[in-house]
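**Q** predicted structure and sequence below. I'll ask about it afterward.
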Amino acid sequence: MTSLADLRKSYERAELDESASHADPLTQFDQWLKEAIAAELPEPNAMTLATVGSDLRPSTRVVLIKGYDAQGIVWYTNFESRKGKELAGNPFAALQFHWMELERVVRIEGRVEKVSDAEADAYFASRPLDSRIGAWASPQSQVISGRGVLVANAAKYAAQFLLQPPRPPHWGGYRLRPDTWQFWQGRKSRLHDRLQYRIADGLGSPWVRERLAP
């Protein structure tokens, strides 16, 4: 059996040079995400979300990005889940994209807020019917006796709402407003390229781009 200590890979696909990278981190992210999609990677929109609860214990889970612009990064979930409760108490979080096949990582940190009801309603209405029913059926992060609970709940709400389930009051979107971005490109000999963007003098100031040691 191969030893974990012997598992190694040489990263040699690309480089991330200051002169070739964008001055605005959102533009750089847009380029990399589109390249990940074009490369037909599995779930290029998957990102790890890290939150911290009142007990100061961090937790992570994978969610899907559903929008991004100058205002921030958007995803949707159950407000009563563990992540929802932790964000209610501590509205700061971190996101990470790992596009392994491209040897790239993007890390994003910032403050989180809920999206508007109108924005959440519009997205919810665009979801497949079974996903809309599922938002009602799953008491996310709560202990349940078995899968039968979910099946029974799904049948109950399908019968109640038929083809027009409304958005549950406990379900909606979050937007992370970045104050720090990091772009990591694997390089040979573990001398990886790592560029950080941070706001210089508070919200609205120009981004400062700087290289970090890998």
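**A** Alright, I've got the coordinates.
**Q** alpha carbons only for contacts and neighbour counts from here, please
**A** Noted.
**Q** which parts of this structure are strands?
**A** Using DSSP state E, the strands of the chain run over 46-52, 58-64, 67-69, 72-78, 92-99, 104-114, 171-185, 193-199, 207-211.
**Q** and of those strands, who's closest to E86?
**A** Nearest of the strands of the chain to E86, taken as Cα to Cα: strand 46-52 at 6.1 Å.
**Q** residues in contact with the closest one: which ones?
**A** 58-65, 83, 86-87, 90, 92-98 (Cα atoms under 8 Å, 6 or more residues apart in numbering).
**Q** run the chain-centre distance for it.
**A** On the basis of Cα atoms, centre = their mean, to the nearest Å, strand 46-52 sits 6 Å off its chain's mean C-alpha point.
**Q** flag every buried residue along it.
**A** Using 16 or more other Cα atoms under 10 Å as the test for burial, strand 46-52 gives A46, M47, T48, L49, A50, T51, V52.
**Q** most widely separated two among those residues?
**A** A46 and V52 (19.9 Å).
**Q** before we move on, back to that, can you redo the strands of the chain as a markdown table with mean pLDDT and distance to E18?
**A** A markdown table is the format used below for those (pLDDT from 0 to 100; distance: least, Cα to Cα, whole Å):
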| stretch | mean pLDDT | distance to E18 |
| --- | --- | --- |
| strand 46-52 | 98 | 25 |
| strand 58-64 | 98 | 29 |
| strand 67-69 | 98 | 23 |
| strand 72-78 | 98 | 23 |
| strand 92-99 | 98 | 20 |
| strand 104-114 | 98 | 16 |
| strand 171-185 | 97 | 11 |
| strand 193-199 | 96 | 8 |
| strand 207-211 | 95 | 8 |
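**Q** for those, which one sits closest to Q140?
**A** The minimum distance between Q140 and the strands of the chain falls on strand 72-78, with 6.6 Å, by Cα to Cα.
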